[in-house]
Structure formats: C-alpha cells, structure tokens
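A predicted structure for the sequence below; I have some questions about it.
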Amino acid sequence: MSCGCKTSGDSAHSCGPKKTTNGCENVNTCGNSYKLSVFDWLSNIQNPASNRCDFVEVRFKNDRKSFYKNVNNIPLHIGSVVTVESSPGHDIGVVSLTGELVKIQMKKKKFSDESALKIYRQSNQKDIEVWQEVRKKEDNVKIEARKIAQRLGLEMKVTDVEYQGDASKVTFYYTAESRVDFRQLIKDFAGAFRTKIDMKQIGFRQEAAKVGGIGSCGRELCCSTWLTDFRSVNTNVARYQQLSINPQKLAGQCGKLKCCLNYELDSYLDALSNFPSSSTMLETEKGRAFCIKIDVFKKKMWFAYVDSSMAWYDFDIDLVKKLISKNKRGEKTLPLEDLKEPETSMKSIDLIQENNVDRFEKKNKGNNRPKNQNRSNNNQNNQAPQGQHQKRAGNRPERQDRPERVERPERQPKPNANNQSNQPRAQKPQQVPQPKAQLEKVETVNSDGEEKKANPNKKKFKKKFPPKKDNNA
C-alpha cells in the first residue's frame, strides 16, 4: 500500500534507480496510496508564513502514525523521509501529511501539543541503509518469536514485528484472548535478538488492519484502508436488519462481527420506528395471531395463527395499526384469510427477452418448417379415403385429345433364384406341374407369328470381339 519507492518505508519495492532522502519525485500524490491516508485538499493553497503550521504527521510501518513538531523549520513535503525523536534513540518514518490539515487531524484524534516530539533532520543515506537492513530481518524474527512462544506453551499469537529505525528496539504485536504472563518470554527474546524488547497487545480487529486482506464483498478490508475507529458490533445489529444469526456469514477476517453491519443500522432503525412492535398479537374471530416476519423495504408484516403457524398472511403496516386499535377497543377482527386482499398480478413485459429460451427461433418460425412435418403431411394425403380421391379426380376436366394407351403384354419374370427369394410367399403363383415333354420344348410366339424354340435353362453369353489392331504400333 506504499508509493513504491525505497524511501517510503517499504523496502520490498523500488520506483527506479534514483534513491534519495527527499522521497518520490511526484510529491503531490506520494502518500495518498498509504493505508489510512488523508487527502490534502489544501496542498495548492499558499498560506501566509506567519500562520504556518509547525506540526507534521509521520507514518511508520503499517498504520502507525504520530505527530511531530518541526522545530528547525525543515522544508518537508509528503513522502520525505525524516529522523524523529524516540525513546531510546531515534526512529525513521515517512511524512504523510503537512499543512493546516494536520491541526484538524490532531483535534480529531485528541492529540495534545505538549506531548508532541520533535523532528531531528531529514534522514541521510546512512540512516536509510540501517533502516532497510533491520526491516529485512522482521519476517525471520517473527517466525523465531512464534517458535519461542510455542515452546513456552503460551496461548498467544505474534502478529507483527517492527524494528525501530536505529535498531535499538523491537516491538512485538500479539493477540491473546486472556492475560498472558510473558516474563520468561521477554528474557528469551532478549537473549535471542540482543536488543530491547517491547510487547504490545492488540485486538483482533487491529490485527486484521495490520495484516490486511480481501473481504467477502471482494474489496480490501475497511479496517486496513480507511476505517480508524472500531465501534462495537453485537448481534442486535443483525436482528434489527432482519439477518439470520449465522456466525459464518456475519463474521469477518478477524473472526468478529463485520464492521459493515453498523453502516446501515441508522437507516433500519429509522424505518422500524414506523412499524408496530414485533411482539404484536392480533385477536381474531378464528383465534390469536402473532407476528412471524417483518419486511422493512415493502413495509409489510406477516402473521400466523398460534394453533396453525404454517399459513402466513402479509399485511401493510397501516392495516396492522388499524387492527391493533380495534383490539384495544375490545373488538375482534375478521379472520386473517378474510382480511387478506387478493393481489393484482402485474404482468411484466420482457423487452430484452432474456428469459425466453426460444427467443432466437421465433423469427423464422414459419419459413423453417421441419422436413419430417412435410413428410407426415404427404403421408396423410396419400392415406386419405378413396372417396376423396375420386372427388378430386372428378373435379378435374378430362382431356379429350389424349390418345388411348395401348395395353402391353405383361412381362413374365425370368425364373431366377434371386427373384423367387425376394417375392413373398403369398404373392407366388401356384405352379401347375407340366409333363417332361413340354418342359423340354418351349415355344414362344413373336408379334410376326414366327415360332422359336428356346431352352429356359440355357445361359446367354455376350459376344466378345477381338481387340482392334493398331497399325501405327
């Protein structure tokens, strides 16, 4: 979440070959990408020198910030690396805000001017090199510290480690559900790391703010980007918003209830002020009915009988108020099913036709007729009764000039084995046994009256001509 340069406090990034103590070249936007940064909308306004603010907001690792007094009137801008006073030694940080907005931030965070420490100087190259070296050690120190705490059997979690700029002190941030006796732990830390040890306990929400992450909404966590004050969130907030008390859905990355449940709480409380109490009981002629559900947006309340709670009836809050006032007068209302007005169904017009599956087939519905349908129509026409065919034929005019067709003699199929196998048995003509003398000689009569003897069992062969001789060969 840093600007990306070596001097911005993040040693894992680099903005280019230029490494100076003045910060980034673009001093107007450097620092606006930090966690919990403040946009300086007064940066383009020149204030008189007499009313110039002497305080500067300095940012350290992650979201730790503090205010320092510029006693030496050093020309500073957003992104400048400065060496500030600390106990013991000195610390190195990045300027995150200057000008008149610093006074507003100090007033907002209730920071007193008397407790403000001073700025020594702009950090030189030696200070930055020492600072970057100790920042590289933090990950290994955090892993080693967790091993020591686990060996001692302490119920705590070392969340983050921060070295001071001059490497004279290291701060361990930890989370624990109960009180932890870490007297032996500090001795082991001092013997392992050879520096002054400082232990700070933080909450689970502060841990999520330091570590960072992506929420269920798909965006970065609010606590690590812009949220500064952590208001308490309880289950009543979810009940006011008609949410199911499901810890898996209501809990955030920190394991506690989500901070965003408080964002819309005021709007829900304002809307629920017009609703009758959720514990309202209606006296009807059929029996007592109780409120089972509330819809804040539709301004409706669902009621069900005490005896049979499976059937729900929804009513507007105006009607419910009338029924309550009627019960107060000692009168019973009609049954819920009689009070229920029939809903007028509004037919919505789908202009885009996204819900229709056949929206692409409706355009050419008449032209693209399936072939199977045409075949079925033809079959139906062929299977029409015989009387209809005669009527159609009778309607047509007969052609007088058409010559009469000459009836040809039917050709008898040759006695072939294949033809006999293909013909069904029912259609085979009954063969009359003939004498052997007639089978030997079969006489056929042509149209000219000539008689020819033919043997039915004799095979016909085609004449084969010899190949023609090529004289040129």
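In hand now; what should we look at?

Just give me the longest helix of this structure.
helix 138-151 (DSSP state H).

Pull the residues that contact the next helix or strand after it.
Sequence-wise, the next helix or strand downstream of helix 138-151 (DSSP states H and E) is strand 157-163. With contacts defined as CB atoms under 8 Å, 6 or more residues apart in numbering, strand 157-163 is touched by 60-62, 64, 134-135, 137-138, 141-142, 145-146, 149, 169-176, 202, 207, 210-211. Every residue, glycine included, has its C-beta placed from N, CA and C.

Stretch 197-211 now?
Counting by CB under 8 Å, 6+ apart, 35, 62-63, 159-160, 169-176, 180, 182, 185-186, 189-190, 221, 223-224, 227, 230, 252-256, 259 sit against stretch 197-211.

Report the buried members of these.
35, 62-63, 159-160, 169-175, 180, 182, 185, 189, 221, 223-224, 230, 252-254, 256, 259 (16 or more other CB atoms under 10 Å).

How about the one helix or strand F303 maps to, which residues are buried there?
In the assignment (DSSP H and E), F303 maps to strand 300-305. Buried residues in strand 300-305, counting neighbours by 16+ other CB under 10 Å, are found at 300-301, 303-305.

and those as TSV, adding distance to V94 and pLDDT?
As requested, those are arranged in TSV below (distance: CB to CB, whole Å; pLDDT from 0 to 100):
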residue	distance to V94	pLDDT
K300	55	89
M301	56	89
F303	61	90
A304	62	90
Y305	67	89
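
And those, which is closest to F39?
Nearest to F39 among the buried residues of strand 300-305: K300, at 43.2 Å, using CB to CB.

For the closest one, name its beta-bridge partners.
Beta bridges link K300 to D295, D316, judged by DSSP bridges.

which residues touch it?
K300 sits next to 294, 314-317 when contact means CB under 8 Å, 6+ apart.

List buried residues within those.
Counted by 16+ other CB under 10 Å, the contacts of K300 give 294, 315, 317 as buried.

Spatially nearest residue to the second one, not counting backbone neighbours?
Just to be clear, that refers to F315. M301 (6.0 Å; CB to CB, 6 or more residues apart in numbering).

Against Y68, how distant is the one you found?
58 Å (CB to CB, to the nearest Å).

same deal with L269?
Distance from L269 to Y68, by CB to CB: 42 Å.

Tell me which of these two has more neighbours.
Y68 (22 against 12; other CB atoms under 10 Å).

three-state assignment of the more buried one?
In three-state terms, and counting by DSSP: H, G, I helix; E, B strand; the rest coil, Y68 is strand.

That one contacts F55, doesn't it?
Yes: counting by CB atoms under 8 Å, F55 is a contact partner of Y68 at 7.0 Å.

joint contacts of those two?
Between them, Y68 and F55 share the contacting residues A116, judged by CB under 8 Å, 6+ apart.

show me what contacts the residue nearest to F315?
Neighbour list for M301: 275-276, 280, 291, 293-295, 314-315, 317, 320 [criterion: CB under 8 Å, 6+ apart].

neighbouring contacts of stretch 140-153?
By CB under 8 Å, 6+ apart, stretch 140-153 touches 156-158, 160-161, 163, 170, 172, 184-185, 188-189, 192-193.

Of these, which pair is most distant in space?
Y163 and Q184 (22.7 Å).

out of those two, which sits in the more crowded spot?
Legend: neighbour count by other CB under 10 Å for Y163 and Q184, higher for Y163 (23 against 11).

Please name the bridge partners of the more buried one.
Beta bridges link Y163 to V170 when assigned by DSSP bridges.

Wait, G165 touches E129, no?
No: in this structure G165 lies outside contact range of E129 using CB under 8 Å: 11.1 Å.

what about the two, which has more around it?
Between G165 and E129, G165 has the larger neighbour count (other CB under 10 Å), namely 24 against 11.

Next, the contact list for the more buried one, please.
By CB under 8 Å, 6+ apart, the neighbours of G165 are 83, 86, 89-93, 123, 127, 130-131, 134.

let's see it at 10 Å
60, 81-84, 86, 89-93, 123, 127-128, 130-131, 134-135 (CB atoms under 10 Å, 6 or more residues apart in numbering).

Show me where the stretch 251-400 of the chain has its helices.
265-272, 317-328, 336-339, 371-382, 386-395 (DSSP state H, counting those that start in this stretch).

The stretch 201-350 of the chain: strands as residue ranges?
281-283, 288-295, 300-305, 313-316 (DSSP state E, counting those that start in this stretch).

Please name whichever of those is nearest to V237.
strand 288-295 (15.6 Å).

by contact count, what packs against the closest one?
strand 281-283, strand 300-305, strand 313-316, helix 317-328 (3 or more CB pairs under 10 Å, 6 or more residues apart in numbering; DSSP states H and E).

got a list of contacts for the longest one?
To tie it back to what came earlier, the one meant is helix 317-328. For helix 317-328, contacts defined as CB under 10 Å, 6+ apart pick out 274-277, 280-284, 289, 291, 294-295, 298-301, 303, 315-316, 331-334, 336, 339, 341.

redo that, cut-off 6 Å
275-276, 282-283, 299, 301, 333 (CB atoms under 6 Å, 6 or more residues apart in numbering).

Buried residues, stretch 228-240. List them.
Per 16+ other CB under 10 Å, stretch 228-240 contains these buried residues: 230, 233, 237-238, 240.

which residues touch that stretch?
Taking CB under 6 Å, 6+ apart as the rule, stretch 228-240 contacts 205, 245, 250, 257, 261-262, 265, 268.

got the end-to-end distance for it?
End-to-end distance of stretch 228-240 (CA to CA, to the nearest Å): 25 Å.

what residues go with each domain of the protein?
6-124, 137-209, 231-273, 274-339 (automatic domain parsing).

can you put those in JSON lines and add distance to I349?
Listed next are these as JSON lines, based on distance: least, CB to CB, whole Å:
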{"stretch": "domain 6-124", "distance to I349": "46"}
{"stretch": "domain 137-209", "distance to I349": "47"}
{"stretch": "domain 231-273", "distance to I349": "31"}
{"stretch": "domain 274-339", "distance to I349": "22"}
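
Can you check which of those domains gets nearest to G215?
Once the domains of the chain are compared by CB to CB, domain 231-273 is nearest, at 6.5 Å.

on that earlier part again, adding distance to Q105, write the strands of the stretch 201-350 of the chain out as CSV.
Output for these, formatted as CSV (distance: least, CB to CB, whole Å):
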stretch, distance to Q105
strand 281-283, 53
strand 288-295, 42
strand 300-305, 46
strand 313-316, 49
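
rewinding a little: give me the subset of the contacts of G165 lying in helices.
Cross-referencing the contacts of G165 against helices under DSSP H gives 127-128, 130-131, 134-135.

What about these, which one has the most neighbours?
W131 (23 neighbours).

how much space between that one and Y173?
Distance from W131 to Y173, by CB to CB: 19 Å.

Which ChimeraX command selects the buried ones in the contacts of helix 317-328?
Selection of buried members from those for ChimeraX, criterion 16+ other CB under 10 Å:
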select :275,282,283,301,333
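
Tell me which two of the contacts of helix 317-328 sit farthest apart.
Between all members of these, the farthest pair (by CB to CB) comes out as E283 and K299, at 22.9 Å.
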